[in-house]
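Colleague: Dropping a prediction and its sequence here:
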Amino acid sequence: MGLEWMVNAVMLAFCSIQDIREKEVSLWKLKIYGILAAAVSIWKLFSPKDDLPVLIFRLFAGLLPGIFLLILARITREAVGYGDGLVLLFIGLSLGFWECIGIFFAGLLGVFLAAVLALLLFGRKKGLEIPFIPFLFTGLAGGYFWMKG
């Protein structure tokens, strides 16, 4: 497992546990996650396998899904949490655009299926909140094993 995948897996696991229990993630965990994601990106820049301009472009392109989710959080008055947007921003920063998009869509599929299951089991409940970060974690794990296999 590459360093960037390991950092994301460990941090998503820690953040997922708290997101499930409390429906929020501590700021100190997000700070640590951001520092580790930035460190992974800096490490990639100083040990380039590709051209430096390509790496810098991938770095900034990887931020786009997280920025989109942060804007969506602002527009919806936090129906989508800022923590979810920050976590996606860190995933994109350390893994890149396409991996981040794949993890994001896998997470969206998981949330959709969980919402349908909750609707079938519990009926229509107003105010039902489904934490998103655990689905990002499963999307990351699925994406890693998909690419490895």
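Modeller: Now that the structure is in, tell me what you want to look at.
Colleague: can you count the residues close to A115?
Modeller: Number of residues near A115 (other C-beta atoms under 10 Å) recorded here: 12. No exception for glycine: its C-beta is placed from N, CA and C like everyone else's.
Colleague: element containing it, please.
Modeller: helix 97-122 (DSSP states H and E).
Colleague: E78 too?
Modeller: Counting by DSSP H and E, E78 is found in no helix or strand.
Colleague: Okay, strands next: where are they in this structure?
Modeller: Here the chain has no strands by DSSP state E.
Colleague: what about it, any weak spots by pLDDT?
Modeller: By pLDDT under 70, the weakly predicted segments of the chain are 1, 48, 149.
Colleague: where exactly do the helices run in it?
Modeller: 3-22, 27-46, 52-75, 82-95, 97-122, 133-148 (DSSP state H).
Colleague: which ones are touching S26?
Modeller: Q18 (C-beta atoms under 8 Å, 6 or more residues apart in numbering).
Colleague: Return the backbone torsion pair for it.
Modeller: S26 adopts backbone torsions of phi -60, psi 140, taken as degrees, to the nearest 10.
Colleague: Might you report the residue contacts of G142?
Modeller: A106.
Colleague: Pick out the residue closest to the middle of the chain.
Modeller: By C-alpha atoms, centre = their mean, the chain has its centre lying nearest to L88, at 3.3 Å.
Colleague: Fine, thanks again, bye for now.
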